[in-house]
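Asker: Here is a sequence together with a model predicted from it:
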Amino acid sequence: MRETSESLILLDHVSSSVFHNLLEFSFHNKFKVPQEDLGYHIQVSSYLLAEAFLSKCLSVLELSPGNCQSYLSLAQDICCVELKRTVFTYLSRNLLELPHLIKCLKDQEKEEVFHLRRTHGDRRMCSLRKENLTTWKDPETESARHIFTLRGSEDSGHWYPVTELPFRADKWCFTTVVLYNYLYVIGGYRQRVKRGWEFKMASSRYNPSTNKWVSTAPMIKHRRHFTAVACEGCIYAVGGWYLDSLVTPDSSTALYTAVERYDPWEDTWRFVSSLPLIDFQFTMSLSYDVPLATSLGESLYVLGSIQRTGEKLLLQYNTRHDSWSELLPTLARADADLPTLYFLGATDRLVIIGGNNSENVVTSFCVQSKRWGQVHRAEKVAFAGQGTVVGDQVLLPSIEHNAVARLDLQTLSLSVFTPLPISTRYESVFYLHF
C-alpha cells in the first residue's frame, strides 16, 4: 500500500464529524455515534487501525435480519476481520432463523458460522422430563415443565430452571434431539376437547443463544417413545408406536417401521426407507425409546434382537443411499446376556449398555472392522430415559439415585451428579452451549 511505503495516511476522505467522534472517544472516552452512522465509522476505524474505537463501534452495533447482509458486504469490501466475525457471530446465534442468509454464504463461511454455533458460549449439561404421566394435582407437574441446566462444577454444581416447555399441559410424551446446538422437542401432549381428551402432535425448537422457542413442523406419524437422531444436518425419527394415550404397551402394540427425515432448513418431514423388520424385533419398553438408535459419520445405527434366537443385531442406514443393511456378526446370548437395553451411542465406535437381573453389561462394536468389543460387567443400575456420550463417559438418568449417573467407559466406575430438583422418572440428558 502507498500509505505503508511512504509512511503516509491520507485523511481527505474522512469527514470532520467522524474524525471528531474518533478523537472524542480516544481522549475523553465519549462515544456518541448513532446506529445509522456506524458503518462509516467502522470503515474509518478499520482503515486507521483504531482498534479501541472499532471495538466500541462493534459492541453497540445492532444487527438485524434487515441489515446483516449489508454489514457482511461492508466487512468483505474493507477486509475488516473484526466486523466479519461480529456478523458471523450474529448469524451463528440465529442460524436457523435466518436460512436465506446462511444459504448465501460460501461453503467455507458456512463452516465458520457452524463452528461458532457449536462452540460459542458455555457448555452446560441439561435435563428435561421427556414424558409426564401426572396431573396438575401433583405439585411436581409445574416444575417438571422446565428444562434444567447444571451450573458450576459438574461435580458440585446445582440445577437451575432455564426455560419452560412452550405449551400448557400436564401430560406429554416427547423425544429430544440436539442439532446445531438447537434443542428439538418432538412428540405430543394432552389437550382437552369437547368430548374428553386428545393428544396433539407438537414439535418445537429451543435456541439457547436467544432463550426463545419456535414451533416447527410436526411429524407425519403420531409417535410415542420413538428415537430421534441427528445425522448429516437432518433429524431422523425411527420407531415408536401410536401416540393416542399414555397407556402401557402390550402384545398388540405395533412398532412403526416408517422412518421420517426432517430438514431443518425447509422445516419439512418426509418418509425415507423403512426399517427392515422381517425377522427382527424390539422389546417394547417405557424405560427407553424404541428402538435404540444413534449416528456415526453419515449413517444411522439401530439395535434390536433376532426374534428366533435372541441375538443382538445392528442395522445400518446409509443416509446418502437411503438404504438399510445388517451389520454382521450378531452378538450371541452366550457372549452377553442383554435382555434389557439402556443405551446405544457413538464415540469412534458404537457403545452398547444393557443389563440383566444381576448386573449391567457394557460392550462396543467397531463399524470399520465389523467386530464386537470385549464384554464388560458393571454395577447393576436401572437406567430410564435418554442419555448421551461425551468422550469416554456416558451420562444416563438413574431413578434409584434420583440423579444423572456417569459411567466411565474405561474404568466402568459409576458416579452421580447433584440430584435433580424433581423426581427422576423419564428424563433426557444432553448438552447445550449458552
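Answerer: Good, I have the coordinates. Residues are numbered from 1 along each chain as shown.
Asker: tell me the contacts of the residue nearest to His146 when sequence neighbours are not counted?
Answerer: In space, and not counting its chain neighbours, His146 is closest to Pro161: 3.9 Å by Cβ to Cβ, 6 or more residues apart in numbering. Backbone N, C-alpha and C define where each C-beta goes, glycine included. Residues in contact with Pro161 (Cβ atoms under 8 Å, 6 or more residues apart in numbering) are 143, 146-148, 421.
Asker: Okay, and the beta partners of Pro161?
Answerer: Under DSSP bridges, the beta-bridge partners of Pro161 are Phe148.
Asker: Val290: neighbour count?
Answerer: 25 (other Cβ atoms under 10 Å).
Asker: Please verify my assumption that it contacts Leu255.
Answerer: Yes: using Cβ atoms under 8 Å, Val290 is in contact with Leu255, at 6.4 Å.
Asker: what about the strands in the stretch 301-434 of the chain?
Answerer: Here the stretch 301-434 of the chain has its strands, by DSSP state E, counting those that start in this stretch, at 312-318, 323-331, 340-346, 350-355, 360-366, 371-372, 376-378, 385-386, 388-390, 393-398, 403-408, 414-416, 427-433.
Asker: So which of those strands has the densest surroundings on average?
Answerer: Neighbour counts (mean count of other Cβ atoms under 10 Å) averaged over each of those peak at strand 385-386, with a mean of 25.
Asker: That one pairs with which strands, and in what direction?
Answerer: strand 427-433 (parallel).
Asker: Can you show me the CA trace of the strand it pairs with as PDB?
Answerer: Provided in PDB are the C-alpha atoms of strand 427-433 (Å, rounded to 0.1, in the frame of the first residue of the first chain):
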ATOM      1  CA  GLU A 427     -35.600 -37.800  31.600                       C
ATOM      2  CA  SER A 428     -33.400 -36.700  28.700                       C
ATOM      3  CA  VAL A 429     -29.800 -35.600  29.400                       C
ATOM      4  CA  PHE A 430     -28.000 -33.500  26.800                       C
ATOM      5  CA  TYR A 431     -25.500 -30.600  26.400                       C
ATOM      6  CA  LEU A 432     -26.200 -27.200  25.100                       C
ATOM      7  CA  HIS A 433     -24.000 -24.100  24.600                       C
END
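Asker: I'd like to know the average pLDDT value across it.
Answerer: Mean pLDDT, strand 427-433: 97.
Asker: Let me know the closest of the contacts of Pro161 to Gln386.
Answerer: For those, the minimum distance to Gln386 (Cβ to Cβ) is 13.4 Å, reached by Ile147.
Asker: if we can go back for a sec, now, of the contacts of Pro161, which are buried?
Answerer: Burial by neighbour count, judged by 16 or more other Cβ atoms under 10 Å, picks out 143, 146-148 from those.
Asker: Max pairwise distance over these: which two?
Answerer: With Cβ to Cβ as the measure, no two of the buried ones among the contacts of Pro161 lie farther apart than Ser143 and Ile147, at 11.3 Å.
Asker: residues contacting Ile186?
Answerer: Shown in contact with Ile186 (Cβ under 8 Å, 6+ apart): 174-177, 202-203, 218-219, 228, 235, 237.
Asker: Next step: these restricted to strands.
Answerer: If you go by DSSP state E, those have 174-177, 202-203, 228, 235, 237 in strands.
Asker: of those residues, buried ones?
Answerer: Burial by neighbour count, 16+ other Cβ under 10 Å: within the ones in strands among the contacts of Ile186 this picks out 174-177, 202-203, 228, 235, 237.
Asker: before we move on, back to that, now distance to Asn132 too, for the strands of the stretch 301-434 of the chain, in CSV please.
Answerer: Formatted as CSV, these follow (distance: least, Cβ to Cβ, whole Å):
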stretch, distance to Asn132
strand 312-318, 31
strand 323-331, 33
strand 340-346, 21
strand 350-355, 25
strand 360-366, 27
strand 371-372, 37
strand 376-378, 30
strand 385-386, 12
strand 388-390, 21
strand 393-398, 14
strand 403-408, 18
strand 414-416, 23
strand 427-433, 11
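Asker: Nearest to Asp138, out of these?
Answerer: strand 427-433 (16.2 Å).
Asker: Now do that closest one against strand 403-408, angle only.
Answerer: On the basis of axes from the mean of the first three to the mean of the last three Cα atoms, to 10 degrees, strand 427-433 is oriented at 70 degrees to strand 403-408.
Asker: Now do the domain split for the protein, please.
Answerer: 14-119, 123-433 (automatic domain parsing).
Asker: Low-confidence ranges, the stretch 101-250 of the chain, go.
Answerer: Across the stretch 101-250 of the chain, the ranges flagged by pLDDT under 70 are 245-250.
Asker: I'd like to know which elements the helix or strand encompassing Gln76 is packed against.
Answerer: Element membership for Gln76, per DSSP states H and E: helix 68-77. Judged by 3 or more Cβ pairs under 8 Å, 6 or more residues apart in numbering; DSSP states H and E, the packing partners of helix 68-77 are helix 38-47, helix 81-93.
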